[in-house]
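Asker: just a sequence and a predicted model for now, questions to come.
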Amino acid sequence: MLERYGYIGTLEKLVESPDLQSGFRILRERGQLELSFESVVVKFSSEFNKSAVEAAQWRLDNADQLL
């Protein structure tokens, strides 16, 4: 995936995917969502497309309900 889409494109695809990544679950359980892909996308929002930023923010805002 990384070779095909590059770093930015890969992150966009992961956070926009309907599948919740196992790393997100683990980081949520540990109280470390600031280390998640979603947090990176939100923090550096100017580097990503709008829909990826919105999806990432939605996951962060709704993390408790997703698990």
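Answerer: Perfect, I can see it now.

Asker: so where's the longest helix in the chain?
Answerer: In the chain, taking DSSP state H as the definition, the longest helix is helix 2-16.

Asker: show residues contacting that helix.
Answerer: For helix 2-16, contacts defined as Cβ atoms under 8 Å, 6 or more residues apart in numbering pick out 1, 21, 37-38, 40-41, 47-49, 51-52, 55-56, 59. From N, CA and C alone the C-beta is placed, and that goes for glycine too.

Asker: just the buried members of those residues?
Answerer: Among the contacts of helix 2-16, those buried by neighbour count (16 or more other Cβ atoms under 10 Å) are F37, E38, V40, V41, F48, A52, A55, A56, R59.

Asker: on that earlier part again, now, the contacts of helix 2-16 that are in helices?
Answerer: F37, E38, V40, V41, S51, A52, A55, A56, R59.
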